[in-house]
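In: Kindly return the folded structure for what I paste below:
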Amino acid sequence: MNRAAVPVIHRKPQQNINFFGVLSLLLLLFTLLAANAYAKPAKTALTLAVLDFRGADVARARWQPLADFIATTLQTEVTLVPLQHTELLALAGQTDLLLSNPVVTSQLLKYQPNYQVVATLNSQAYGDAFAGDIIVHRDSPLHSMAQLQGRVIGVVNQSTSAGGFLFQAYELVKLGWQPLSNYVQFATLNNQYAILQRVANKQVDAGFVRSGLIADAKEYDPTLFRVLPPANPADSPHTTPKYPHWGVVVSDSLTAQQISQVKMALLSLSASSPVATAAGIKGFVAAADYQAITELLNQIQPALEK
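Out: Reported below is the predicted structural model:
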């Protein structure tokens, strides 16, 4: 007996929902929403600390236009704070932007990982690098660095001054003078202009000043001074090699967008701009490598210990 054929019913297969794909999409959406919720807001009030080596009033006259320029760029308030060498390092963590010599810049990069250099100063006379000079009175019997042994030398801050101490002191260390206090006597003065005055009046035997200071100091006859030659006179007209100029350092208290805006704005400044004119500079260039300063500091530190 033949059984009746059972009809075969063909059902359209159901589409399986990709559970893991949906889960991944939800996780991505949640991550984006959370990141947006916790994104660091842009600060509406910033501080710009600058190295003050001739008095706060002089620093403000020179750098206030830069602070105003950054404020306009970021559409926020920027307060200019002139600080001396030791204050810059002590208060570094409390400042959002900082413009200072290469020694302070190098120290910040080494000890404050939340800072980065975005630009290097470009001076009118020497570009983006400068050197140190050891000067004597034109009547002085001194004609070489080796003859400085036993002499009194006018200097400024021995911890952080680049062109007013550390550049030149490093050249004396290369002569094998360690510790330096066994070979020379340093007279620490308030600023490098005071050094010019002491050398001009023959109150010290020599002085450490940055390259170009003699030409900038209109109150002194430049022929009153001589610059001691470097160890290899063919290298440079200055006593020391050139090192990177001042750096503009910013902290991570600024957003990535703000940091980018500051960098682009500084690099766009022309020598004829009001900001550059007030500061007496050409503008700024891409951030230099400050490793040579770090190496100098590592080498010189033992020689400064008594």
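
In: ok, the spatially closest residue to E305 that is not a sequence neighbour - contacts?
Out: Closest residue in space to E305, ignoring its immediate chain neighbours: P179 at 6.0 Å, by CB to CB, 6 or more residues apart in numbering. Quick note: C-beta positions are derived from backbone N, CA and C, even for glycine. Neighbouring residues of P179 by CB atoms under 8 Å, 6 or more residues apart in numbering: 302-306.

In: Under the pLDDT cut-off, which ranges of the stretch 1-150 of the chain? List them.
Out: For the stretch 1-150 of the chain, the stretches flagged by pLDDT under 70 are 1-40.

In: Looking at strand pairing, list the partners for V81.
Out: A49 (DSSP bridges).

In: V136 now?
Out: Applying DSSP bridges, one finds that V136 bridges with R226.

In: residues near it, how many?
Out: For V136, the neighbour count with other CB atoms under 10 Å is 23.

In: Residue numbering should commence at 55 henceforth.
Out: Taking 55 as the first residue, the last one we looked at is V190.

In: Strands of the chain, start to end?
Out: Assigned by DSSP state E, the strands in the chain fall at 99-105, 131-137, 151-154, 169-177, 183-184, 186-191, 206-209, 239-242, 260-264, 279-281, 297-298, 301-305, 335-339.

In: can you put those in CSV and add distance to A325?
Out: What follows is these, written out as CSV (distance: least, CB to CB, whole Å):
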stretch, distance to A325
strand 99-105, 20
strand 131-137, 22
strand 151-154, 17
strand 169-177, 8
strand 183-184, 17
strand 186-191, 25
strand 206-209, 32
strand 239-242, 35
strand 260-264, 20
strand 279-281, 27
strand 297-298, 19
strand 301-305, 17
strand 335-339, 4
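
In: Of these, which is nearest P291?
Out: Of all the strands of the chain, it is strand 279-281 that lies closest to P291, at 7.4 Å by CB to CB.

In: quick one: the most centrally placed residue in the chain and R108, what's the gap?
Out: Nearest to the geometric centre of the chain sits G301, at 2.6 Å (CA atoms, centre = their mean). Counting by CB to CB, to the nearest Å, the gap from G301 to R108 is 19 Å.

In: One more: Q166?
Out: 26 Å.

In: Show me what stretch 212-219 is in contact with.
Out: Residues contacting stretch 212-219 (CB under 8 Å, 6+ apart): 107, 139-140, 142-143, 155-158, 161, 184-187, 209-211, 220, 223, 240, 242, 245-246, 249, 262-265, 267, 297, 347, 358.

In: Ignore what I typed, I meant stretch 315-323.
Out: Contacts of stretch 315-323 (CB under 8 Å, 6+ apart): 123-124, 127-128, 151, 172-173, 302, 304, 308, 329-330, 337-340.

In: on that earlier part again, looking at the contacts of P233, which one is closest to T101?
Out: Of the contacts of P233, the one sitting nearest to T101 (CB to CB) turns out to be L358, at 30.8 Å.

In: my guess is the closest one meets W231, correct?
Out: No - taking contacts as CB atoms under 8 Å, L358 lies outside contact range of W231: 11.1 Å.

In: Give me the domain ranges for the chain.
Out: 99-182+297-358, 186-281 (automatic domain parsing).

In: May I see the ones you listed organised as a markdown table, with distance to S290 added?
Out: Formatted as a markdown table, the domains of the chain follow (distance: least, CB to CB, whole Å):
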| stretch | distance to S290 |
| --- | --- |
| domain 99-182+297-358 | 11 |
| domain 186-281 | 9 |
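
In: Identify whichever of those domains lies nearest to P291.
Out: domain 186-281 (7.4 Å).

In: chain center to that closest one, what's the gap?
Out: 23 Å (CA atoms, centre = their mean, to the nearest Å).

In: go on, stretch 301-313?
Out: 13 Å.

In: shaky segments in the stretch 255-360 of the chain?
Out: Ranges of the stretch 255-360 of the chain meeting pLDDT under 70: 288-289, 360.

In: ok, the nearest residue to L145 once chain neighbours are set aside - contacts?
Out: Among residues not flanking L145 along the chain, L137 sits closest, at 6.5 Å (CB to CB, 6+ apart). The contact partners of L137, taken as CB under 8 Å, 6+ apart, are 103-106, 145.

In: Pretty sure Y247 sits against A271.
Out: Yes - Y247 lies in contact with A271 (CB under 8 Å); the separation is 6.2 Å.

In: Just the helices from the stretch 255-360 of the chain, written as ranges.
Out: Taking DSSP state H, counting those that start in this stretch as the criterion, the stretch 255-360 of the chain carries its helices at 267-270, 310-322, 328-333, 345-358.

In: I misspoke; the intended subject was the stretch 55-204 of the chain.
Out: Using DSSP H, counting those that start in this stretch, helices in the stretch 55-204 of the chain cover 73-91, 110-128, 139-144, 156-165.
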